[in-house]
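Asks: Next come a sequence and a model predicted from it.
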Amino acid sequence: NRLYYVSNRAEVVCADTEGFRDGENDGAFTTETETSDLDVDIVWKYDMMAELDVFPHNLAAGNPLIVGDILFTTTGNGVDEGHVNIPSPNAPSFIALNRNTGRLVWENASPAEQIIHGTWSNPAYGVVKGRPQVIMPGGDGWVYSFAPETGKLLWKFNANPKDAVYVLGGSGTKNEMIATPVIWEDKVYVAVGQDPEHGEGIGHLWAIDATMDGDVTDRAKAWHRGYEDFHRTISTVAIADGLLYAVDLSGFLYCLDARTGEHFWTHSLEAAVWGSPFVADGRVYIGDEDGDLTVLRTGKKKEVIAEMNMGNAVYTTP
């Protein structure tokens, strides 16, 4: 009976799914000014700007992840309107809250002054060889793994080449992370990208061994696809039957072997893609900026089943 979201004002909100239809004002937050049957009944609210001095660039955009009684989210912390200075480098990019009370459980200020643009990705949770971990992609292009209960850093991985350089406006080779990581068979799958307004550019898709500790950049690469073989993306991969489906901003959908990275096929959607591929019932669904929704059959051989136009751009995941 609870719904959780991050508002565009960088508030983490817990709401009653019944709203005020049940005739009650639930929780510690009781100062709602609108209490009709159509209004939200806020149970608790955590203002990340007021409490943590977070400065979200554009807006906070994280999707809360709940495991047990803990809610994890990114804060949106980033640069100012000049796109250069970081007003609040010591503010956390990653936080954990008690889902019942909204109390702060832990915070982590990585990557601090190394933020490239903003912190807009989402956390993922998995148990790897008996060790629970919450994966947080950073605004510096690093992947961070934390112990869920304490926030202790377990490992981190630089998803940019060491010689990568960020250039204001997006013409460089260094990227942040906007895609959500996927955990499968003790590996983390995630790719780098930038704000789509920065245009196309070199990207990197990684399969990272999640069993190690410390800075694992030089040790944990299971496989990698990048440079001319993969471009910037803000999309999350989909894995089914050992096959990985990934799409980049340039509009190329790839089918790869999730274990080895072997490439089976590429399909050009001929339009930019912001959403993510979704697999269900033996089919891959993907929308693009031209408004086309394409349906392909899963498998090592490419087969387009259908394509339909929605009448407007499709920026979301089916």
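Replies: Done, it's in.

Asks: Give me the buried positions along stretch 85-97.
Replies: Neighbour counts using 16 or more other CB atoms under 10 Å place 86, 88, 91-97 of stretch 85-97 among the buried residues. C-beta here means a position set from N, CA and C on the backbone, and glycine is covered the same way.

Asks: got the contact list for that stretch?
Replies: 12, 46, 48, 52-55, 70-75, 77-80, 103-113, 115, 119, 123, 134, 136, 138-139, 144, 146, 148, 151 (CB atoms under 8 Å, 6 or more residues apart in numbering).

Asks: which residue ranges form the helices in the stretch 151-300 of the chain?
Replies: Using DSSP state H, counting those that start in this stretch, no helices are found in the stretch 151-300 of the chain.

Asks: returning to that earlier point: only whichever of the contacts of stretch 85-97 are buried, select them in PyMOL.
Replies: Those of the contacts of stretch 85-97 that count as buried under 16+ other CB under 10 Å are selected in PyMOL with:
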select buried, resi 12+46+48+52+54+55+70+71+72+73+74+75+77+78+79+105+106+107+108+109+110+111+112+115+119+123+134+136+138+139+144+146+148+151
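
Asks: quick revisit: got a markdown table for the buried residues of stretch 85-97, with pLDDT, distance to Asn1 and secondary structure too?
Replies: Compiled in a markdown table, those are given as follows (pLDDT from 0 to 100; distance: CB to CB, whole Å; DSSP: H, G, I helix; E, B strand; the rest coil):
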| residue | pLDDT | distance to Asn1 | secondary structure |
| --- | --- | --- | --- |
| Ile86 | 95 | 39 | coil |
| Ser88 | 97 | 35 | coil |
| Ala91 | 97 | 32 | coil |
| Pro92 | 97 | 29 | coil |
| Ser93 | 96 | 30 | coil |
| Phe94 | 97 | 27 | strand |
| Ile95 | 98 | 24 | strand |
| Ala96 | 98 | 22 | strand |
| Leu97 | 98 | 18 | strand |
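
Asks: Include distance to Gly23 when you put the residues you listed into JSON lines, please.
Replies: Listed next are these as JSON lines, based on distance: CB to CB, whole Å:
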{"residue": "Ile86", "distance to Gly23": "46"}
{"residue": "Ser88", "distance to Gly23": "41"}
{"residue": "Ala91", "distance to Gly23": "39"}
{"residue": "Pro92", "distance to Gly23": "38"}
{"residue": "Ser93", "distance to Gly23": "40"}
{"residue": "Phe94", "distance to Gly23": "38"}
{"residue": "Ile95", "distance to Gly23": "33"}
{"residue": "Ala96", "distance to Gly23": "33"}
{"residue": "Leu97", "distance to Gly23": "28"}
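
Asks: Which single one of those residues is nearest to Trp274?
Replies: Nearest to Trp274 out of those is Ser93 (CB to CB; 22.1 Å).

Asks: Run through the residues that contact the closest residue to that closest one other than its chain neighbours.
Replies: Computed as CB to CB, 6 or more residues apart in numbering, the closest residue to Ser93 that is not its neighbour in sequence is Thr119, at 4.4 Å. Taking CB under 8 Å, 6+ apart as the criterion, Thr119 is in contact with 56, 62, 74-78, 93, 138-139, 176.

Asks: what's the answer for Asn160, then?
Replies: 141, 173-175, 192, 204.

Asks: Name the member of these with the most neighbours.
Replies: Using other CB atoms under 10 Å as the neighbour criterion, Val192 leads the contacts of Asn160 with 29 neighbours.

Asks: What sits closest to that one if chain neighbours are left out?
Replies: Nearest residue to Val192 in three dimensions, chain neighbours excluded: Asn175, at 3.8 Å (CB to CB, 6+ apart).

Asks: do you know how far the one you found is from Asn98?
Replies: In this view, Asn175 and Asn98 are 33 Å apart by CB to CB, to the nearest Å.

Asks: And for Asp22?
Replies: Taking CB to CB, one finds Asp22 at 23 Å from Asn98.

Asks: Closest one to Tyr285 out of the contacts of Asn160, please.
Replies: Nearest to Tyr285 out of those is Val192 (CB to CB; 23.7 Å).
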